[in-house]
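Trainee: predicted model, plus sequence, below.
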There are 6 protein chains.
Amino acid sequence: MSAHFEDGKPVMVDVSHKLPTARMAVAEAVVWLPPAALAALNGGVGKGDALAVAELAGIMAAKRTSELIPLCHPLPLTSVKVTGVLTPPQVVFTATCKTSAQTGVEMEALTAAGVAALTLYDMLKAASKGMVIREIKLLSKEGGKSGPWTAAPTSDR
Amino acid sequence: MSAHFEDGKPVMVDVSHKLPTARMAVAEAVVWLPPAALAALNGGVGKGDALAVAELAGIMAAKRTSELIPLCHPLPLTSVKVTGVLTPPQVVFTATCKTSAQTGVEMEALTAAGVAALTLYDMLKAASKGMVIREIKLLSKEGGKSGPWTAAPTSDR
Amino acid sequence: MSAHFEDGKPVMVDVSHKLPTARMAVAEAVVWLPPAALAALNGGVGKGDALAVAELAGIMAAKRTSELIPLCHPLPLTSVKVTGVLTPPQVVFTATCKTSAQTGVEMEALTAAGVAALTLYDMLKAASKGMVIREIKLLSKEGGKSGPWTAAPTSDR
Amino acid sequence: MSAHFEDGKPVMVDVSHKLPTARMAVAEAVVWLPPAALAALNGGVGKGDALAVAELAGIMAAKRTSELIPLCHPLPLTSVKVTGVLTPPQVVFTATCKTSAQTGVEMEALTAAGVAALTLYDMLKAASKGMVIREIKLLSKEGGKSGPWTAAPTSDR
Amino acid sequence: MSAHFEDGKPVMVDVSHKLPTARMAVAEAVVWLPPAALAALNGGVGKGDALAVAELAGIMAAKRTSELIPLCHPLPLTSVKVTGVLTPPQVVFTATCKTSAQTGVEMEALTAAGVAALTLYDMLKAASKGMVIREIKLLSKEGGKSGPWTAAPTSDR
Amino acid sequence: MSAHFEDGKPVMVDVSHKLPTARMAVAEAVVWLPPAALAALNGGVGKGDALAVAELAGIMAAKRTSELIPLCHPLPLTSVKVTGVLTPPQVVFTATCKTSAQTGVEMEALTAAGVAALTLYDMLKAASKGMVIREIKLLSKEGGKSGPWTAAPTSDR
């Protein structure tokens, strides 16, 4: 099913026979904030600043995905955008990545969203350690042999 | 509330006046697997192997936390352990980090658990892109001025 | 004079016989902006945002100093702050680093200021490529065998 | 003016619609040396060695530009050359970078020159902390939509 | 003979005039194990696990080759496989790398094999520090101007 | 025997109960050069330069050991020296590392020597791909619970 193993050995899957095609992926990460963290984000810290730091951390993490995820191919990302929106009591980070390559950018989008969420946790943990990162998931992807894919709340899950 | 900002500027908080003390943190990340991903983990991929790769990725990510999280202090980790357990339809990664330092290792434990979860996603995404990482959270921490802390399902949250 | 070479070979100087002491260093980098870059910073881009991105890049670069500067010792930084101030037609970045270690943090402060300046260039280069980074220099340092040092416009230079 | 922000959010600009073209950029960094640093470079340290270490550090830094500059695209560099020339009381580092990509290599050349300069500072700082890095600037660039550009001492500045 | 130097200066060789072609390289590293290390691998540690950790470390190191080897070009690897086989008293790691680029992947394959060998040493050094890594060498390479090459035990050596 | 595994899981061994002590390790790597590579080192390339680049690469690699070797602890190195000596037809790299920490610096010394050897290969591979890195091994170590250790050609091996 997965080509990540050959004869029981993990491998970086051979994609050298594939042609590069346009790829896109969108992922999100949701951070649930207890009241103290929510108050810190709105008040003491400054909402814009903390979200901005988290967004930038997400962009930078996308570029390091192949260092973090052992079997990921290094990809020449051509676009990364991370947006954090506060909808109390949650912050939703949405990450969009693009490239032209032989493999997709799902892991880059997921890593960007995940690290943005971890960074927000770091910024607010003095207020509350009870924050929970939930729902890091792929929203959609385009390109590649398998074509477009969109998360379906009821079917695949 | 948070010392991560001074005059609206993000800073790596000054801890130079603190003495190093023993620190520990435990975090977990839960990955929900749709049936196709569960089947791949149990069958085609080999459960042990995929979990082992994810655990190792988590350990290595813990060491890179201060590169990923912009305002984290670099810490000399003295212990990192990541354990993945399959309880269908979920895999639960538990990460434990220790150090002797002026600040805690909460972010290291959360990063280790989070990257282990992202790595499992990568290993199984050929089977299903509908996996969801949920419940990345701190379970407990020890050491430091604020002392021990344990996640309480009903109080802080 | 310099211990960076032994028998003509570059070495990471042996400081294992020294005791860690409190260290601090302050450095600055000045970026001169042509009118088009100045207008972009004040208008199209948003002053606060571009400076904030540059400041954060400086903080993160400070943590990677020993990777960039071949003979620098890895140091456990305990404080990093980078502040960018616009005084038309210049932006002045001031970086302050602290640690407790056997060697000083001059290079960390200089690297933080320098990368902040490079990042500002990147943010504004679509408006003008004629920006010039000038005056990256150490302002002061404290701690260590040689004690405090302050830049003197007329004596040492 | 700059596409580095969308709706106030920093982004890695989307270049996925562009075709890769040949790119080149040349940048320089000038380090001013007080007499004690100059003497150390000429005498105790060995001129060739210190400049060689700085040049190599610049080449290696060029490859890490996208890690240091938050919104830089990762680029497959096809050529990097850094040359340091002593013209007392200054050392001038000139960095030339090339690639075939959707964006230019100005930041890579500036980063290479800047890190070479910082490395020279590190090698000579035992002799004098009064060195000043000045005039990190782009000299010229070729390729891309905006075509060739050359620094003009009197016009753009 | 080698283009790694121009006028006595080390350079990242200019390959911008070349067209990308398919490249492959295979390298091996042999680790000789004293009896105590061999016993630890077979018994206390668990053969599969230690070899698996080493193989994964080799794959990840291949992706960082251009960071480690100063004049190496960054390459978009399209395939990496590392296999460790125990033939008492030795473990032989074989690494295969592929890409489509202007330069070859010999250094990536050698680095993967070498770091896998170093990792095995780390895993077993509590049992014996007398292990020796020997015979890190290129087995074969394909692609590029010079065409295919295969190690010949008696001719080239 | 080895504490690198707990219940079959790889772990970064818990050393948090240990006190930091002075540590030192010396390792070597031998590169065998076919005639064409030897000629390139002596003639076309410039012996001093190629060895100097390799030595510097070794120093920088020592600082990245914990990134490359999955279960290595991050250590604050206080001294790194790498020396390459040509004894035709071989080059011998000797790496010495020191720190004050809870674990030893054997892996740092081995990594420094190994990467220096790989770098020399890279510099000379245009002349001959038949070079062989052999005999990467630990020469001696001091400090820690197990005390001093010296390689014995006949006993442990």
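Mentor: Sure, I can see it.
Trainee: near chain B at all, stretch A:139-149?
Mentor: Yes. Using Cβ under 8 Å from any Cβ of the partner chain, stretch A:139-149 reaches chain B at A:141, A:149. C-beta coordinates here come from the backbone N, C-alpha and C atoms, glycine included.
Trainee: tell me the secondary structure for the closest residue to chain F within chain A?
Mentor: Per Cβ to the nearest Cβ, residue A:67 is where chain A lies closest to chain F, at 8.5 Å. Under DSSP: H, G, I helix; E, B strand; the rest coil, the three-state class of residue A:67 is helix.
Trainee: which SS state does residue A:120 fall under?
Mentor: At residue A:120 the chain is in helix, as set by three-state DSSP.
Trainee: one more: residue A:112?
Mentor: Assigned with three-state DSSP, residue A:112 falls in the helix class.
Trainee: how much space between it and residue A:68?
Mentor: According to Cβ to Cβ, to the nearest Å, residue A:112 stands 11 Å off from residue A:68.
Trainee: restricting to C-alpha, output stretch A:134-142 in PDB.
Mentor: Extracted in PDB, the C-alpha atoms of stretch A:134-142 (Å, rounded to 0.1, in the frame of the first residue of the first chain):
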ATOM      1  CA  ARG A 134      -6.400  19.700  17.800                       C
ATOM      2  CA  GLU A 135      -7.500  18.900  14.300                       C
ATOM      3  CA  ILE A 136      -4.200  19.200  12.400                       C
ATOM      4  CA  LYS A 137      -5.400  17.800   9.100                       C
ATOM      5  CA  LEU A 138      -5.200  18.200   5.300                       C
ATOM      6  CA  LEU A 139      -8.000  20.200   3.800                       C
ATOM      7  CA  SER A 140      -7.200  19.700   0.200                       C
ATOM      8  CA  LYS A 141      -4.500  19.000  -2.300                       C
ATOM      9  CA  GLU A 142      -4.100  19.300  -6.100                       C
END
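Trainee: close to chain D, is it?
Mentor: No. Judged by Cβ under 8 Å from any Cβ, stretch A:134-142 makes no contact with chain D; its nearest approach is 11.3 Å.
Trainee: and chain A, which residues reach chain C?
Mentor: Residues of chain A lying close to chain C (Cβ under 8 Å from any Cβ) are A:49, A:52, A:53, A:56, A:60.
Trainee: run a quick neighbour tally on residue A:134.
Mentor: Residues contacting residue A:134 under the criterion other Cβ atoms under 10 Å in any protein chain shown number 19.
Trainee: ok, the one helix or strand it maps to: who's next to it in the sheet?
Mentor: Per DSSP states H and E, residue A:134 falls inside strand A:132-142. Sheet partners assigned to strand A:132-142 using DSSP bridges are listed as strand A:21-32 (antiparallel), strand A:149-150 (antiparallel), strand B:132-142 (antiparallel).
Trainee: next, format those strands as CSV and append mean pLDDT.
Mentor: Formatted as CSV, these follow (pLDDT from 0 to 100):
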stretch, mean pLDDT
strand A:21-32, 97
strand A:149-150, 97
strand B:132-142, 97
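Trainee: please name whichever of the ones you listed is nearest to residue F:12.
Mentor: strand B:132-142 (18.1 Å; Cβ to Cβ).
Trainee: what sits against the residue sitting nearest the centre point of chain A?
Mentor: Here the mean C-alpha position of chain A is nearest to the C-alpha of residue A:110 (Cα atoms, centre = their mean), at a distance of 2.4 Å. Contacts for residue A:110 (Cβ atoms under 8 Å, 6 or more residues apart in numbering or on different chains) come out as A:25, A:27, A:95, A:136, A:137, A:138, B:118, B:121, B:133.
Trainee: any weak-confidence spans in chain A?
Mentor: Within chain A, the stretches with pLDDT under 70 are A:1-3, A:44-48, A:153-157.
Trainee: and the helices in chain A?
Mentor: Applying DSSP state H to chain A gives helices spanning A:35-42, A:47-62, A:65-68, A:106-124.
Trainee: ranking the ones you listed by burial, who's on top?
Mentor: Mean neighbour count (mean count of other Cβ atoms under 10 Å in any protein chain shown) peaks for helix A:106-124 among these, with a mean of 29.
Trainee: for chain D, what are the nearby residues on chain A?
Mentor: Counting by Cβ under 8 Å from any Cβ, chain A sits next to chain D at A:22, A:52, A:55-56, A:59-60, A:62-64, A:76-83, A:98-100.
Trainee: write a PyMOL command that selects only the buried members of those residues.
Mentor: Buried residues within the residues of chain A next to chain D, by 16 or more other Cβ atoms under 10 Å in any protein chain shown, are selected in PyMOL with:
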select buried, chain A and resi 52+55+56+59+60+62+63+64+76+77+78+79+80+81+82+83+98+99+100
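Trainee: about what we covered before: neighbour-wise, which of the contacts of residue A:110 leads?
Mentor: residue A:95 (32 neighbours).
Trainee: just list whatever residues bridge to that residue.
Mentor: residue A:27, residue A:82.
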